[in-house]
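[1] Show me how the following folds:
(one chain, ligands or ions: 4)
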Amino acid sequence: MAISACQALLLMALAAAALMMSTASGTLQYNFYSSSCPKAEEAVRNATVKIISNNPTMGAAIVRLFFHDCFVKGCDASILLDQSSSNPQPEKLAIPLRGYDAVNTIKAAVEAVCPGVVSCADILAFAARDSAMVSGGFTFPMLGGRRDGLASDLRDIFGSIPAPNMQVQQLVGSFSAKGLSAGDLVALSGAHSFGITHCSFVTPRLYPAVDPTLNATYAAALRKVCPQSSGGGTVLNNNNITDPNVLSNQYYKNLGTREVLFKSDQTLTSDAATAKMVQDNADNPVAWMARFAGAMVRMGGIEVLTGNQGEIRKVCGATNSGS
Ligand code: HEM
Ligand SMILES: *[C@@H]1O[C@H](CO)[C@@H](O)[C@H](O)[C@H]1NC(C)=O
Ligand SMILES: *[C@@H]1O[C@H](CO)[C@@H](O)[C@H](O)[C@H]1NC(C)=O
Ligand SMILES: *[C@@H]1O[C@H](CO)[C@@H](O)[C@H](O)[C@H]1NC(C)=O
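    Ligands and ions are numbered 1, 2, ... in the order given. Here you go, the predicted structure:
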């Protein structure tokens, strides 16, 4: 579903609500690069649109990278740092994610317009917003002004990233530890409407017995795609019911028919408050888009570096000193 910026539904409510967002460490702003690099957001958008039109699964990869960046030590692009002799154990070794090449390509496009001005943390935030535009058909203002961190340590992953076997109370706790609400958890979980998953995250719900909270017909189809011996290699679509490259509120409808992949997804219907939010997001696609947009902006404010903290990396895979 490749669409142009002007065809996407623009959700402005947020921008009207707050032009700036203060965080513990400083202030992020809309149009942060309006004087230092007026074409920054356009360059990110152009590059992101091109990447997703070449490979429609990349929108999901970029949105997930943004989530993993922000939940581990804040949105500081620490997830993007490669292994080096001075940093042998970066975050990215802990969980295999896709989309690093895409982010490097987007960074190179921005560097060609304004070298040394736009942080990798902001590039990832803008690219995630633009992935929602291309794959979801809606767009929204995203705050800028994040700086890039100088360190990345895989041990920071543990306890930060929620696990797919968690129950709703644990998920709410994990989001609340980052300053996000249960509504944000439910809205952002809609990202599981697109992208791909490895069978290893699903087989625990299929063998030896089918998880009773999984739709039996769907479970039978999943058992064919993910046989008991499938291990980690086989991938399946997060949402096999409509187009798996479309970010939409279909996820919430799939929760209703128990056709979602993870326990952590289905558990959102086992608590009265989150179940009501799920139903509302299923019934009101535009309201969900606005909630998703608001939650993406809030997630983008987690523990950011601003002002003179950190640096503006030249390349996203290494700090400027080479670590
Ligand atoms: C609520 C807790 C969450 C859990 C337990 C969780 C867990 C997972 C797992 C296990 C996968 C499959 C990974 C693989 O097979 O390689 C996955 C994929 C994905 N997740 Fe989540 N996730 C959560 C929240 C989020 C959030 C907040 C977002 C973004 C807003 C997100 C976006 C995605 C996307 C887009 C994919 C597909 C990635 C791709 O296509 O490569 N997830 N998630
Ligand atoms: C983005 O793409 C448009 C349309 O192709 C082009 O006119 C514009 O110059 C591009 N902007 C940047 C910053 O690359
Ligand atoms: C996914 O969709 C295809 C085509 O409709 C179908 O053949 C396959 O069984 C589905 N897989 C699952 C796990 O539902
Ligand atoms: C299982 O999925 C089918 C197909 O979407 C649906 O008709 C049925 O109601 C679902 N069963 C349950 C228990 O939700």
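[2] Just give the closest residue to residue 161, not the sequence neighbours.
    Leaving aside its chain neighbours, residue 161 sits nearest to residue 71 (5.6 Å; criterion: Cβ to Cβ, 6 or more residues apart in numbering). C-betas here are computed from N, CA, C, even on glycine.
[3] can you check residue 290 too?
    residue 11 (5.2 Å).
[4] Equivalent analysis for residue 126, please.
    residue 44 (4.2 Å).
[5] show me what contacts the one you found?
    When contacts are counted by Cβ atoms under 8 Å, 6 or more residues apart in numbering, residue 44 touches 106, 109-110, 123, 126-127, 130.
[6] sorry, back to before: contacting residues for the residue nearest to residue 161?
    Contacts of residue 71 (Cβ under 8 Å, 6+ apart): 160-161, 178, 299, 302.
[7] Need the phi and psi values for it.
    phi -80, psi -20 (degrees, to the nearest 10).
[8] Any residues of the protein in contact with ligand 1? List them.
    The chain comes close to ligand 1 at residues 57, 60-61, 63-64, 67, 98, 162-164, 171, 185, 188-189, 191-192, 194-198, 201, 238, 262, 264, as judged by Cβ under 6 Å from any ligand atom.
[9] now with 5 Å?
    60-61, 63-64, 67, 98, 162, 164, 188, 191, 195-198, 201, 264 (Cβ under 5 Å from any ligand atom).
[10] Which part of the stretch 51-200 of the chain gets nearest to ligand 1, residue-wise?
    When scored by Cβ to the nearest ligand atom, the stretch 51-200 of the chain has residue 195 as its residue closest to ligand 1, at 2.6 Å.
[11] how close does that residue get to residue 65?
    According to Cβ to Cβ, to the nearest Å, residue 195 stands 11 Å off from residue 65.
[12] again with residue 213
    Distance from residue 213 to residue 65, by Cβ to Cβ: 29 Å.
[13] Tell me which of the two has more neighbours.
    Neighbours per residue, other Cβ atoms under 10 Å: of residue 213 and residue 65, the larger number sits with residue 65, 24 against 14.
[14] quick one, what contacts that one?
    Listed by Cβ under 8 Å, 6+ apart, the contact set of residue 65 reads 79-80, 97-100, 103, 124, 128.
[15] Please report phi then psi for it.
    Backbone geometry at residue 65, expressed as degrees, to the nearest 10, gives phi -60, psi -40.
[16] in the helix or strand harbouring the residue nearest to residue 126, what counts as buried?
    Using DSSP states H and E, residue 44 sits in helix 40-54. With burial defined by 16 or more other Cβ atoms under 10 Å, the residues of helix 40-54 counted as buried are 40-41, 43-49, 51-52.
[17] out of those residues, which touch ligand 2?
    43, 46.
[18] and this structure, which of its residues are near ligand 2?
    Residues of the chain lying near ligand 2 (Cβ under 5 Å from any ligand atom): 39, 42-43, 46.
[19] Nearest to ligand 1 among the residues you listed?
    Checking those one by one against ligand 1 (Cβ to the nearest ligand atom), the nearest turns out to be residue 46, at 21.8 Å.
[20] Spit out the contact partners of that closest one.
    residue 109.
[21] What does the pLDDT read for it?
    With respect to pLDDT, residue 46 has a value of 98.
[22] Distance-wise, check it relative to ligand 3.
    For residue 46, the distance to ligand 3 equals 33 Å [Cβ to the nearest ligand atom, to the nearest Å].
[23] now swap in residue 174 and tell me
    27 Å.
[24] Distance check, the closest residue to ligand 4 within the chain against residue 255.
    Residue nearest to ligand 4 within the chain: residue 215 (3.7 Å; Cβ to the nearest ligand atom). As judged by Cβ to Cβ, residue 215 and residue 255 stand 10 Å apart.
[25] What of residue 234?
    On the measure of Cβ to Cβ, residue 234 and residue 255 end up 24 Å apart.
[26] what does residue 180 give?
    Distance from residue 180 to residue 255, by Cβ to Cβ: 19 Å.
[27] Just want to know which of these two has more residues nearby.
    Each of residue 180 and residue 255 has its neighbours counted (other Cβ under 10 Å); residue 255 has more, 25 against 21.
[28] Could you list the low-pLDDT ranges of the stretch 201-323 of the chain?
    230-233 (pLDDT under 70).
[29] all strands for it, in order.
    Shown for the stretch 201-323 of the chain, the strands assigned by DSSP state E, counting those that start in this stretch span residues 235-237.
[30] Around ligand 4, which positions in it sit nearby?
    So the stretch 201-323 of the chain meets ligand 4 at 215, 257-258 (Cβ under 5 Å from any ligand atom).
[31] repeat that for 6 Å
    215, 217-218, 257-259.
[32] Out of those residues, grab the one that's most surrounded.
    Of those, with other Cβ under 10 Å as the count, residue 259 tops at 22 neighbours.
[33] From ligand 1, how far out is the closest residue to that one other than its chain neighbours?
    Leaving aside its chain neighbours, residue 259 sits nearest to residue 218 (4.4 Å; criterion: Cβ to Cβ, 6+ apart). Look at residue 218 and ligand 1: by Cβ to the nearest ligand atom, they are 17 Å apart.
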